[in-house]
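Asks: can't give you the sequence, but here's the structure:
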Ligand SMILES: Nc1ncnc2c1ncn2[C@@H]1O[C@H](COP(=O)(O)OP(=O)(O)OP(=O)(O)O)[C@@H](O)[C@H]1O
């Protein structure tokens, strides 16, 4: 294609029913310039299979046009007020990450929008909605239809680097379809200003809410967490990392459902190798985002991935529930030093405001704020955590209904039961998930393992009487043991894996036999049975098998003694019973 014979890369830009457009990349000193060429009549590709194969490849490439190198400024010959093509949502919808063939209808719809009009020719500006570091956000509406309201972010700039970043952010936003992410409709790039036309989210910002109330009610935070996680799940599925999750970027509606805004520093971490057309997951290196919400791995040399968004969610939830940030310091340098350390800083989890939170909630936050991103929950896993309201109990975990003696349950504390069940569920789920996940890492070990070991874990609940210390100890053992096993497996070590088959919590009016010791225990002793498939596990508190202590969720205060006594007289609650009966397979 290059008449001078110099090497040029050719980039697909778009096509309509007749033509296919390309960018050619040329080097002008340090800038890469692109020429838009309408090169080829599509009909020149004769055979039908060839044409559809070509179109498939083009669709894929088009989806990855937005890598920084590909989206360099376009030198336009057409004289117009806007300097670059106005990118419409319709056009960008074609940036499909899927491997499947796209319907030709979609293809026909994707047209390049070269518009001559200015934003202010088409829209009227209304009141100011907010202000960020990059620009001011205004309410606006089309001149032709003043009933439809939008938000527009006006960014005063002619800096090519910023323009490129905003384009990147805009394109990233086009990949996302979630009710919990504010939509971006159009981007106008003018001589000295950018106009980003967005969905107007007529509600408060989380930052403002926190300033007004300091902290929020748990049930409201649960709703925020649920919708935020759903937004982030969608984001990550599309291969986009937000990288700036913080209260300012979370709009909270009256029902506490959120809309995520501001994709200013978002990044595509999934790209395609244009030669092989295979997906690559890329590590990110740039230190970005608000310092208080930055994950520790952002400061490491080896790069980070989308798990940084989960850390940020952990910090946001911590802040919403306690009214304080987990890591603070008078000097930014000190904060960076804390986060740069290899060893985790557990200070936030020892603060009284944190310890006052319910166990399942603390467990959730700790799992989101794991120092090691590999041990941190991802968005899908976090959505399955018991603390998140839409959590549906996985049918793999079985609780035997007959084991629940309702007549005796009135003596129990429903809260206490919930705590136990929750903890057991979380542990079992964690183990089950890890077993599933780890199968691909250690397939050979799986073969050596008896088949039934891969089956789901079983939880049976009997009515219980207990001794808190004994229970706590047992639960700790189970927790540590399961964590140990998990990390043993994740590390793909060769040690024999000992599985935990059953965890049983039971209560009896009569004396009961302790499974592990075989000792008889008295009436008011509550027991937790932990049955392992192997012999007694020698290194029960095998911290040395784990990469770091922080991987072990601390069960430090299941329930204070006086609370238990207080709650023992309460009836088991109807919801709990219903939940339990749902477990039946
Ligand atoms: N779609 C929207 N609907 C309603 N209000 C919005 C919308 N987008 C932004 N805002 C308001 O404008 C404020 C600033 O927006 P935004 O965070 O996008 O700006 P920014 O320059 O990227 O800020 P920063 O980079 O400092 O986070 C927000 O905190 C929010 O209150």
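Replies: Yep, it's here. These numbers were taken from a predicted model, which means no experiment stands behind them. Numbers count the residues shown, from 1 in each chain.

Asks: look up the pLDDT of the closest residue to residue 364 other than its chain neighbours for me, please.
Replies: Leaving aside its sequence neighbours, residue 364 sits nearest to residue 387 (CB to CB, 6 or more residues apart in numbering; 4.2 Å). In short, each C-beta sits where N, CA and C put it, glycine included. Listed pLDDT for residue 387 reads 92.

Asks: hang on, residue 387 packs against residue 361?
Replies: Yes - in this structure, residue 387 is within contact of residue 361 by CB atoms under 8 Å, at 5.1 Å.

Asks: thought residue 290 was touching residue 244?
Replies: Yes - at 6.7 Å, residue 290 and residue 244 qualify as touching, with contact defined as CB under 8 Å.

Asks: these two: which has the busier surroundings?
Replies: residue 244 (22 against 15; other CB atoms under 10 Å).

Asks: assumed the more buried one was part of a helix.
Replies: No - if the criterion is DSSP: H, G, I helix; E, B strand; the rest coil, then residue 244 is coil and not within a helix.

Asks: so it sits against residue 291, correct?
Replies: No - when contacts are counted by CB under 8 Å, residue 244 is not listed as touching residue 291 (11.3 Å).

Asks: distance of residue 379 from residue 299?
Replies: 23 Å (CB to CB, to the nearest Å).

Asks: list the contacts for residue 184?
Replies: Listed by CB atoms under 8 Å, 6 or more residues apart in numbering, the contact set of residue 184 reads 89, 170, 173-174, 196-199, 263.

Asks: export those residues as CSV, with columns for secondary structure and pLDDT.
Replies: What follows is the contacts of residue 184, written out as CSV (DSSP: H, G, I helix; E, B strand; the rest coil; pLDDT from 0 to 100):
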residue, secondary structure, pLDDT
89, helix, 44
170, helix, 84
173, helix, 80
174, helix, 80
196, strand, 90
197, strand, 92
198, strand, 92
199, strand, 93
263, coil, 75
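
Asks: what's the PyMOL syntax to select whichever of those residues are buried?
Replies: Listed next is the PyMOL selection for buried residues among the contacts of residue 184, using 16 or more other CB atoms under 10 Å:
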select buried, resi 170+173+174+196+197+198+199+263
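
Asks: between the contacts of residue 184, which is nearest the ligand?
Replies: residue 198 (4.3 Å; CB to the nearest ligand atom).

Asks: contacting residues for the closest one?
Replies: For residue 198, the contact set (CB under 8 Å, 6+ apart) comprises 150-153, 182-185, 261.

Asks: please apply the same query to residue 348.
Replies: Listed by CB under 8 Å, 6+ apart, the contact set of residue 348 reads 318, 326-327, 354, 369.

Asks: what does residue 137 give?
Replies: 128-131, 151-154.

Asks: which one's more surrounded, residue 387 and residue 361?
Replies: Neighbour tally, residue 387 and residue 361, criterion other CB under 10 Å: the higher count belongs to residue 387, 24 against 20.

Asks: quick one, what contacts that one?
Replies: So residue 387 contacts 222, 225, 358, 360-361, 363-364, 422 (CB under 8 Å, 6+ apart).

Asks: quick check: which ranges of this structure have low pLDDT?
Replies: Applying pLDDT under 70 to the chain flags the ranges 1-117, 264-282, 285-286, 390-585.

Asks: kindly report the residues of it close to the ligand.
Replies: 129-135, 137, 151, 153, 182, 198-201, 205, 248-249, 261-262, 264 (CB under 6 Å from any ligand atom).

Asks: which one of residue 379 and residue 299 has more residues nearby?
Replies: A direct count of neighbours by other CB under 10 Å for residue 379 and residue 299 places residue 379 higher, at 21 against 15.

Asks: just checking, that one touches residue 236?
Replies: Yes - counting by CB under 8 Å, residue 236 is a contact partner of residue 379 at 5.7 Å.

Asks: residues shared between the contacts of the two?
Replies: When CB under 8 Å, 6+ apart defines a contact, the residues bordering residue 379 and residue 236 alike are residue 309.

Asks: I'd like the distance between the residue nearest to residue 364 and residue 342.
Replies: Applying CB to CB to residue 387 and residue 342 gives a distance of 29 Å.

Asks: follow-up on the earlier one: buried subset of the contacts of residue 137, written for PyMOL?
Replies: Provided next is the PyMOL selection string for whichever of the contacts of residue 137 are buried by 16+ other CB under 10 Å:
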select buried, resi 129+130+151+152+153+154
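
Asks: residue 215: which of the contacts of residue 137 is nearest?
Replies: residue 130 (22.4 Å; CB to CB).

Asks: hang on, that closest one in a strand?
Replies: Yes - under three-state DSSP, residue 130 sits within a strand.

Asks: isn't it up against residue 203?
Replies: No - taking contacts as CB under 8 Å, residue 130 lies outside contact range of residue 203: 11.6 Å.

Asks: could I get the contacts of residue 348 as a markdown table with neighbour count?
Replies: Below are the contacts of residue 348 laid out as a markdown table (neighbours: other CB atoms under 10 Å):
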| residue | neighbour count |
| --- | --- |
| 318 | 27 |
| 326 | 20 |
| 327 | 20 |
| 354 | 19 |
| 369 | 26 |
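
Asks: most widely separated two among the residues you listed?
Replies: 327 and 354 (12.2 Å).

Asks: tell me how far the residue of the stretch 301-450 of the chain found nearest the ligand lies from residue 299.
Replies: Closest approach between the stretch 301-450 of the chain and the ligand, counting by CB to the nearest ligand atom: residue 312, at 12.7 Å. According to CB to CB, residue 312 and residue 299 sit 14 Å apart.

Asks: dump the contacts of residue 348 to CSV, plus secondary structure.
Replies: Output for the contacts of residue 348, formatted as CSV (three-state DSSP):
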residue, secondary structure
318, helix
326, coil
327, coil
354, helix
369, coil
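
Asks: tell me the domain ranges of this protein?
Replies: 105-200, 203-269+288-397 (the TED database).

Asks: touching, residue 225 and residue 318? I think so.
Replies: No - the pair residue 225 and residue 318 fails to qualify as a contact (CB under 8 Å) at a distance of 10.9 Å.

Asks: helix or strand: which one has residue 234?
Replies: Residue 234 belongs to helix 218-237 when assigned by DSSP states H and E.

Asks: and the helix or strand just after that helix, what does it pack onto?
Replies: Using DSSP H and E, the helix or strand that follows helix 218-237 in sequence is strand 240-241. If you count contacts as 3 or more CB pairs under 8 Å, 6 or more residues apart in numbering; DSSP states H and E, strand 240-241 packs onto strand 267-268.

Asks: follow-up on the earlier one: pick the most deeply packed of the domains of the chain.
Replies: Among the domains of the chain, domain 203-269+288-397 has the highest mean neighbour count (mean count of other CB atoms under 10 Å), at a mean of 19.

Asks: what ranges do the helices span in the stretch 301-450 of the chain?
Replies: Along the stretch 301-450 of the chain, counting by DSSP state H, counting those that start in this stretch, helices occupy 307-322, 332-340, 352-355, 359-368, 379-383, 406-409, 414-438, 443-448.

Asks: the fifth one packs against which elements?
Replies: Contacts defined by 3+ CB pairs under 8 Å, 6+ apart place helix 379-383 against helix 218-237, helix 307-322, helix 359-368.

Asks: isn't residue 246 up against residue 291?
Replies: No - using CB under 8 Å, residue 246 is not in contact with residue 291; the gap is 9.9 Å.

Asks: next one: the closest residue to residue 389 other than its chain neighbours from the ligand, what distance?
Replies: Nearest non-adjacent residue to residue 389, counting by CB to CB, 6+ apart: residue 222, 4.8 Å away. Distance, residue 222 to the ligand, using CB to the nearest ligand atom, to the nearest Å: 23 Å.

Asks: residue 222 and residue 188: what is the separation?
Replies: From residue 222 to residue 188 the distance is 39 Å (CB to CB).
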